[in-house]
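**Student:** how would this look folded up:
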Amino acid sequence: MGRGAKIKEKVRKLKILHKNNTPLEVINYRNIVLCYLDENCVSKGSYEKFQGIQCIYINEKLCDFERRMTYA
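**Tutor:** Numbers count the residues shown, from 1 in each chain. I've put the predicted structure just below:
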């Protein structure tokens, strides 16, 4: 199974488990911390898990669509 297929399968399972389709609702339900990086950052975003705490970092200069694509 390729990487894309694995991601699609993970998303399918999350939709079933959380009974919704929006990534932001899943982030909130799973208590993932959503942080915004200052506009000097060159990355669109990143993910980190440290001592059991999951964080998603989003560049604040992105438009709403790009933010949703990044945390999705």
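**Student:** Mind giving me the packing neighbours of the helix or strand where residue 16 lies?
**Tutor:** Under the criterion of DSSP states H and E, residue 16 resides in helix 3-18. Packed against helix 3-18 by the contact rule (3 or more C-beta pairs under 8 Å, 6 or more residues apart in numbering; DSSP states H and E) you find helix 23-29. No exception for glycine: its C-beta is placed from N, CA and C like everyone else's.
**Student:** Work out the gap between the helix or strand following the helix it packs on and the centre of the chain.
**Tutor:** Once the chain leaves helix 23-29, the next helix or strand it forms, by DSSP H and E, is strand 33-37. Centroid separation for strand 33-37 versus its chain: 10 Å, with C-alpha atoms, centre = their mean, to the nearest Å.
**Student:** Partner strands of strand 33-37, with direction?
**Tutor:** strand 53-59 (parallel) (DSSP bridges).
**Student:** Perfect, that will be all.
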